[in-house]
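Trainee: Here is my input, please return the structure:
(chains A, B and C)
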Amino acid sequence: MPLPGIRPSIPATPRDDHAEDAPLSIHDLTVAYRRKPVLWDVDLDLPEKRLIALVGPNGAGKSTLLKAALGLVPAVSGDVKVYGRDYKEQRRLVAYVPQRESVDWDFPVNALDVVAMGRYRRIGWLRPVGRADREAAMVALGKVGMADYAQRQISQLSGGQQQRVFLARALAQEARLYLMDEPFAGVDAATEKAIVALLDDLREQGNTVLVVHHDIQTVPAYFDYVVMLNMRVVAHGPVEDVFTEENLRKTYGGKLTLLSAAAEALAGRR
Amino acid sequence: MWTTFDTAIVATGAIAAMSCALPGCFLLLRRSSMMGDAISHTVLPGIAAAYLLTGSRDSLPMFVGAIVVGVLTALLIQAVQRGGQVEEGAAMGVVFTSLFALGLVMIRRAADHVDLDPSCVLYGALELAPLDTVSVGGWDIPRAAISSGALLLINAVFIGIFYKELKLCAFDPGYARTQGIRVGALNLALMTLIAATTVAAFESVGSILVIAMLIVPAATAYLMTDRLPIMLVGSLVFGALSAALGHGMVVWMVDGLGLPDTSSAGMTGVAAGILFVAMALGSPKYGILMRAARSLQLALGIARDDVLAYLYRHGELDPLGTRPRPTASNLREAIRARVAVSAAIWQLRNRRLLAAEGGGIALTPAGRDTARGLVRSHRLWETYLVEKLGLRPDHVHSTAEVLEHITDRTMRESLSRETGDAPRDPHRSSIPPE
Amino acid sequence: MISSLAAASHAEIVPPMEALWRVLSLQDYNTRVVVIGTTLLGLASGLAGVFLLLRKRSLLSDVVSHSALPGIGIAFIAMTMMGGGGKNTLGLLLGATATALLGIVAVGAIRRFTRLKDDAALAIVLGTFFSAGIALTGVAARMPGAGASGLESWIYGKTASMLFSDALLIGITGLLVTLGTVLLFKELALLCFDEDFAATQGWPVGLLDMLLMGATVAVTVIGLQAVGLILVVALLIIPPAAARLWTHRLRPLAAISAVIGGLACLVGSALSALMENLPAGAIIVLSAAALFCVSLVFGTEGGMLHRGLGAWTLRKRVGRQHLLRALAELAEQSGKDVASFSTIRHRRSWHTATVRGLLASAMKDGLVERVDARHWRLTESGVAEARRVVRNHRLWELFLITHADIAPSHVDRDADMIEHILDERMIAQLEGLMAGENRGHVPPSPHALRPAEGTA
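Mentor: Below you'll find the model as predicted:
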């Protein structure tokens, strides 16, 4: 029989103050790579129909947050809900754009093939890629301005073009929540503009887009909502409210010596 | 029955294994372990080609032929890799299988004239090594031991001379190049040595088992230590041990189990594998068992802390001691780690931090001091996480729960400083003094 | 194919036409069984090998084949001890499959639980398992009354003495593997290209991986009998590596790989039927190797000739453009359209021979003409061509200057070379980009930003 009243520091009320059907609702997420914690207790609801920047210094755990939300890296604790339900039931609604370096660009496929991969889940087991899906892939390629390159082998595309192909693959999925890992990395100005226009379009159509972003200069111009991350969520909210000097300092310059010392100690113990 | 014959077999096998282990360490560190596999397969065509070219069965031309083809293999793999932009593993596969096939055809053509048994090249005949001896200073020493011993010496000298260059090339070839080290030449030299070692060893352990001797002892040593010199020595030891253990197992199987005789070279490879598994499990630093033991200890430590903190909080709620004392089963119930809690209670009793009292368990004065530190850590962390990191008060418990176990006195002092010596935590529980 | 036939049959006595015909038309029952069986094996392994190659796991097949040997030994010993004959093919194959799978698991376990890298995991498992195989078959061979002389055929193959039942087994397995890879083509392709993405899409990545490994093991184990343990690896590695040199597209890649695999087996087994004292497995692998060499040289995507030709034409084009620009800029500076050989040569510090060659080839194309022994000038069409070249160059320079901060990421190749490979579309884009910053961009020779003295 557990004794009553013990452990007064444990809150009695269940923590169900999370929005019912936020596009992405992350609850108490803690992630450790190897032995070192990289994300502490992230708790986050993304609002709907927003263009959201995820910013933070190197090693802040931005990519890890995306990957953990998608179940690609195991979380120590926490859970993730997509539009109010378990992520695994809602995969259909989530499109992921990984970092460009994550794949072998010498792989023998052309741009259209890669984009069509976004339709595979829809097509299902065993069935080949049909005409309708190829057309949908073509439309997606058109949206990123790459229709002329559909038959190009992917190694012959420039960095910006490869990035656009990845975006097109996500578009072909016709999802509602888009998680993009540094889509602006190593792209030229023209592609950057094209991607921004595309992101705006996505939002107009009622989708939510979360973008890992490096260039804090452009945050106010490109995004309307921002999540500031440095191992834990420093601040999140509309850009005009939270994208302040102080929060930036906390995110990028904030001394977390105690937290890092704790992380080191934990790594040593395990 | 162990005879001097057996001793000679083990000695020959050990020398061959040790000669392979040294260059194997660098293959392993350069992440091209399979290169040893490729080169050892192509000894066959080398020998066959030498025979077809010279028509003699002397060892020297065969030795040279096998080295040449071995080095050629390394170069061809590089050529296919660059010329055809083929991935390294595939390039190796293409080259060594083709050369091996060529070797088989050549052997078959040669076999029309003379008996050249490919099996002998592949498996080696360690058992026969003591029969073929050379007299050195009145001692009959197996020829295979002499040739492998020479290679062992050459390898050791080579590694001794180029130690730091080899180390740098294995670690960061790009940087090595900027430092003016001829990476390509050094690589070629290493491949030449591996080819030569392979050929010298093939008579005793067989060319295919060479790959086991190249990589497995080196990998075993790699799991044992973080330091290259120790790894090199360790690989030698494990190579020699494999030979002894391997032949020992053969003798045991024949004498003890009554099984038919089998290949000592094969059992040497098996023994190397057994040593590897043992090290993978039991290595003091990286062993699977050690890691399991460490995490078990960690879990026990956490359970101990949890028991102490639980009892402390119980005391806080019940300062006068009017309520019944918690029992062991209460603790197990509350902390949800039944076995660990039982063990923890036992340990804590032994350390005189807990004592039986009033039908339950209570902290001793020493136990209370330790527990106060833990609860203080927990509450300080909660305060810190809320005040300094802006986390919500209802979200910090689990994090603090993790951190309290690793927080020492100095860390508590800084925490206290950072939070302005707050008297109470976010849940308004008082933070106990140090 | 003809060349490989010729290459492989070099020193043998040329077989009479009649014998050749008998083999090729599959008239002998025995030949028919062998040729059809091995060809199916080649097709299946060519297909399965493609995905291994794309997953950068080619050498895993080497581990699989070597770790099949202890299974054969164990199965043989077990069957002999149970009183049955040790040579039951099905039993041996089951044993081989079991330890081959165990080998894959062992590789995975080493990767997962130790800090050793991929290559070491492969080498350790291969070495240890094969050693165990040698020891076990050693025991098997010396077991009383076992008569295990046949075990060696698993290492070297026994193509020539293949039975109908063997061929049937190979055929069925090959067909299953082929069918499986064709049906699961897009799933396997996705797995190989972007495993993480596949996982986010909810594909059972682990299961797919296991299916691929299963196909590899199946092909390897049935191939053991045909070509032997060491050489079956070649059937999984060589055909896809060769096919990769012909195409950048996945479906053709798989098709070509299957064809190369099938062809190598067909040619190899037919040849070895003609020349009976040669080991068939080796001939099959050498046929595959010959096809690989042909692909390496002539392949249309990354073959050496193809790439060499590409580099050569580019070098030629660059030289030509440098020459024309040098002449045009010299004319611009001096106001005279005639330039001396030495001024041309110093313009880019060329070697004398280089300039001679460039001038000669440009003259042949009617772009330059010789005024006298030491002097040259552009012809009319040469002037037009030079104008175009200079304009491209300056557009590019302008672009680099105005957009230099972002250009390097866009032109990750040699920045100096890029002007020579500008195509129409890019020039149009450049013109568009420059329109705002540089008024009057239309004149073919805008004001030079750098002094014409420089050799940009």
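
Trainee: Mind giving me the packing neighbours of the host helix or strand of B:G36?
Mentor: Following DSSP states H and E, one finds B:G36 within helix B:34-41. In terms of contacts (3 or more CB pairs under 8 Å, 6 or more residues apart in numbering or on different chains; DSSP states H and E), helix B:34-41 is packed against helix B:4-29, helix B:59-83, helix B:88-111, helix B:183-205, helix B:209-224, helix C:118-141. Yep, even glycine has a C-beta here, placed from its N, CA and C like the rest.

Trainee: repeat that for 6 Å
Mentor: Judged by 3 or more CB pairs under 6 Å, 6 or more residues apart in numbering or on different chains; DSSP states H and E, helix B:34-41 is in contact with helix B:59-83, helix B:88-111, helix B:183-205, helix B:209-224, helix C:118-141.

Trainee: Next, please give the residue ranges for the strands of the stretch 1-150 of chain A.
Mentor: In the stretch 1-150 of chain A, the strands defined using DSSP state E, counting those that start in this stretch lie at A:24-33, A:36-46, A:51-55, A:77-82, A:85-86, A:94-97.

Trainee: wait, which of those is closest to A:R232?
Mentor: Closest approach to A:R232 among the strands of the stretch 1-150 of chain A is made by strand A:36-46 (4.4 Å; CB to CB).

Trainee: secondary structure class for the residue nearest the centre of chain A?
Mentor: Nearest to the mean C-alpha position of chain A, counting by CA atoms, centre = their mean, stands A:L179 at 3.2 Å. A:L179 falls in the strand class when you classify it by DSSP: H, G, I helix; E, B strand; the rest coil.

Trainee: would CSV of the helices and strands packed on helix B:34-41 with distance to C:A189 be doable?
Mentor: Formatted as CSV, the helices and strands packed on helix B:34-41 follow (distance: least, CB to CB, whole Å):
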stretch, distance to C:A189
helix B:59-83, 24
helix B:88-111, 18
helix B:183-205, 35
helix B:209-224, 33
helix C:118-141, 22
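
Trainee: Return the helix or strand in the chain with minimum mean pLDDT.
Mentor: Went with chain A since none was named. Counting by mean pLDDT, DSSP states H and E, the weakest-scoring helix or strand in chain A turns out to be helix A:257-269, with a mean of 63.

Trainee: ah, no, chain B please
Mentor: One helix or strand of chain B scores below all others by mean pLDDT, DSSP H and E: helix B:118-123, with a mean of 62.

Trainee: what's downstream of that helix, the next helix or strand?
Mentor: Moving toward the C-terminus from helix B:118-123, the next helix or strand (DSSP H and E) is strand B:133-136.

Trainee: Given that next one, what are its sheet partners and their directions?
Mentor: strand B:139-142 (antiparallel) (DSSP bridges).

Trainee: ok, and what's touching the partner strand?
Mentor: For strand B:139-142, contacts defined as CB atoms under 6 Å, 6 or more residues apart in numbering or on different chains pick out B:8, B:12, B:129-130, B:133-134.

Trainee: At which residues are the strands of chain C located?
Mentor: For chain C, the strands defined by DSSP state E cover C:338-340, C:368-370, C:375-378.

Trainee: residues in the stretch 101-250 of chain A within reach of chain B, list them.
Mentor: Within the stretch 101-250 of chain A, the positions near chain B by CB under 6 Å from any CB of the partner chain are A:R232.

Trainee: tell me which parts of the stretch 101-250 of chain A are close to chain C?
Mentor: Counting by CB under 6 Å from any CB, the stretch 101-250 of chain A comes close to chain C at A:103, A:107-109, A:117, A:120-121, A:126, A:153, A:186, A:188-189.

Trainee: Out of those, which end up buried?
Mentor: A:103, A:107-109, A:117, A:120-121, A:153, A:186, A:188 (16 or more other CB atoms under 10 Å in any protein chain shown).

Trainee: and which of those residues is nearest to B:I107?
Mentor: Closest approach to B:I107 among those (CB to CB): A:P108, at 37.5 Å.

Trainee: Helix or strand: which one has whichever residue of the stretch 151-300 of chain B sits closest to chain A?
Mentor: As assessed by CB to the nearest CB, chain A sits closest to B:L298 within the stretch 151-300 of chain B, at 6.0 Å. Assessed by DSSP H and E, B:L298 sits inside helix B:288-317.

Trainee: Residue numbers of the stretch 251-400 of chain B in contact with chain C?
Mentor: Residues of the stretch 251-400 of chain B lying close to chain C by CB under 6 Å from any CB are B:259-263, B:266-267, B:269-270, B:273, B:280, B:288.

Trainee: now the helices for chain A?
Mentor: Assigned by DSSP state H, the helices in chain A fall at A:62-69, A:111-116, A:120-123, A:131-143, A:159-172, A:189-204, A:219-222, A:239-242, A:245-248, A:257-269.

Trainee: Where does chain C get nearest to chain B, residue-wise?
Mentor: Nearest residue of chain C to chain B: C:S131, at 2.1 Å (CB to the nearest CB).

Trainee: for the nearest residue to that residue once chain neighbours are set aside, what are its contacts?
Mentor: Nearest residue to C:S131, sequence neighbours excluded (CB to CB, 6 or more residues apart in numbering or on different chains): B:G269, at 2.1 Å. The contact partners of B:G269, taken as CB under 6 Å, 6+ apart, are B:209, B:212, C:127-128, C:131.

Trainee: what does the stretch 101-250 of chain B put close to chain C?
Mentor: Contacts of the stretch 101-250 of chain B with chain C, taken as CB under 6 Å from any CB, map to B:101, B:104-105, B:108, B:123, B:208-209, B:211-212, B:215-216, B:219, B:223.

Trainee: Touching, the residue nearest to the centre of chain A and A:L66? I think so.
Mentor: Yes. With contact defined as CB atoms under 6 Å, A:L179 and A:L66 form a contacting pair (5.1 Å).
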